[in-house]
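Visitor: sequence unavailable; structure follows:
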């Protein structure tokens, strides 16, 4: 290990970022793993729930393309911060939603936001 690398490991901000990214990854993985059950709990039909879960991949690709186009004219940091801060609001909206249309919109927005991190 070089002197420069060992210095980074001693910075508290490095460890804060490690904890933040691990926490974010756990939340993202947990939501993806439990999404089908959450949708069924929200009284969605099985076919609709399967469709929404299946749309996660295509929506992520669309989100990456959208982010790539957005970043041509704006700073990457600003977009990442905006999308990351928007995610808790989307989760709250998903928790509070009861109708099909707001719920699928919320899931699509959440997936697009998750592309930024």
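Guide: The structure has been received and is ready for your questions. Everything numeric in this text was worked out from a predicted model, so none of it was measured. Residues are numbered from 1 along each chain as shown.
Visitor: so where's this protein uncertain?
Guide: Within the chain, the segments meeting pLDDT under 70 span 1-6, 73-77, 79-80, 83, 94, 97-117.
Visitor: and the helices in it, which stretches?
Guide: 3-9, 12-41, 46-54, 56-71, 76-96, 100-114 (DSSP state H).
Visitor: among the ones you listed, which is the most enclosed?
Guide: helix 100-114 (a mean of 19; mean count of other Cβ atoms under 10 Å). For the C-beta atoms, the positions are set from N, CA and C on the backbone; glycine is no exception.
Visitor: so how far is residue 53 from the closest residue to residue 46 other than its chain neighbours?
Guide: Take residue 46 and drop its neighbours on the chain: the residue closest to it by Cβ to Cβ, 6 or more residues apart in numbering is residue 40, 7.1 Å away. Residue 40 is 11 Å from residue 53, where distance means Cβ to Cβ, to the nearest Å.
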